[in-house]
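below are the sequence and a predicted model; questions follow.
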Amino acid sequence: MLAPMKEQLEALNSLTINFGEGGMTIVNIILAFVMFGVALGIKLDTFKEIFKKPKSVILGVCLQWIGLPAVTFLAALLLSPWITPMVALGMILVASCPGGNMSNFMSSFAKGNIELSVSMTAITTAFAPFITPLNFFFWGSMYSNIISVHGDIPRLVIPFLPMLEQILLLLGLPIELGLLCTHKLPKLPQKIEKPAHRISIAL
């Protein structure tokens, strides 16, 4: 069972996606649009409901902000003989990002606690511009330090401030615009939320 998994992981290492400057601009615009669509689905009344039953929400948010990146960090260490540092850092980055509306859809599909899922999505999305870079910097730097000590791989340096600026631009700006749009123009999100979500899923 381990042999096929090892082959798949090694094949993953050879996978490269080369974007030119124009391609990266398109990817960034798509990401910003997706996050704007996620923010349109967040209602301010959701935050009021959170304070009525805060325990489950606090536990869920802590698990997503701390538990998920920590487990992913350990998984990246265990898989380090077979994956490159870039793949490992990609795993950590994905684990540091908010779940978004897809998590709400999956919770509804599985007949889970949709109210809890929406509350967690609201909090993690609103704070993503700050928590995502902090989480990625912390766990990514720790991973880099460990593999550089125990292997022949040079230590990777993650520049925090440039990364923070990029994430604030790609996540912070569209999220805050979406929240502002929901608050100031409540009728507009009702009209464009569903089309925006469909386009986001297609993208």
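In hand now; what should we look at? The structure displayed is predicted, hence computed values, not measured ones.

what does the longest helix along the chain rub up against?
In the chain, with assignment by DSSP state H, the single longest helix is helix 128-150. Contacts with helix 128-150, where a contact means Cβ atoms under 8 Å, 6 or more residues apart in numbering, come from 35, 65, 69-70, 72-73, 76-77, 80, 85, 88-89, 92-93, 95-98, 124, 153-158, 160, 163-164, 167-168, 171-172, 175-176. Placement of C-beta: from N, CA and C, glycine included.

narrow these to those that are buried.
Neighbour counting with 16 or more other Cβ atoms under 10 Å marks 35, 65, 69-70, 72-73, 76, 80, 85, 88-89, 92-93, 95-98, 124, 156, 158, 163-164, 167-168, 171-172, 175-176 as buried within these.

circling back to that earlier point, ok, and what's touching the next helix or strand after the longest helix of the chain?
As assigned by DSSP states H and E, the chain's next helix or strand after helix 128-150 is helix 160-167. Under the contact criterion Cβ under 8 Å, 6+ apart, helix 160-167 has outside partners 128-129, 132-133, 136-137.

which strands and helices sit next to the next helix or strand after helix 160-167?
Next along the chain after helix 160-167, taking DSSP H and E as the criterion, comes helix 173-184. For helix 173-184, the packing partners by 3 or more Cβ pairs under 8 Å, 6 or more residues apart in numbering; DSSP states H and E come out as helix 21-40, helix 44-50, helix 114-126, helix 128-150, helix 187-202.

next, the angle from the fourth one to helix 114-126.
Compare the direction of helix 128-150 with that of helix 114-126 by axes from the mean of the first three to the mean of the last three Cα atoms, to 10 degrees and you get 80 degrees.

helix 128-150: which residues count as buried?
128-129, 131-133, 135-140, 143-144, 147.

cool, the third one as well?
Using 16+ other Cβ under 10 Å as the test for burial, helix 114-126 gives 116-126.

what of the first one?
Neighbour counts using 16+ other Cβ under 10 Å place 32, 34-40 of helix 21-40 among the buried residues.

can you put the residues you listed in a markdown table and add distance to residue 54 and pLDDT?
Formatted as a markdown table, the buried residues of helix 21-40 follow (distance: Cβ to Cβ, whole Å; pLDDT from 0 to 100):
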| residue | distance to residue 54 | pLDDT |
| --- | --- | --- |
| 32 | 31 | 77 |
| 34 | 28 | 75 |
| 35 | 25 | 74 |
| 36 | 28 | 77 |
| 37 | 27 | 74 |
| 38 | 22 | 71 |
| 39 | 22 | 73 |
| 40 | 25 | 73 |
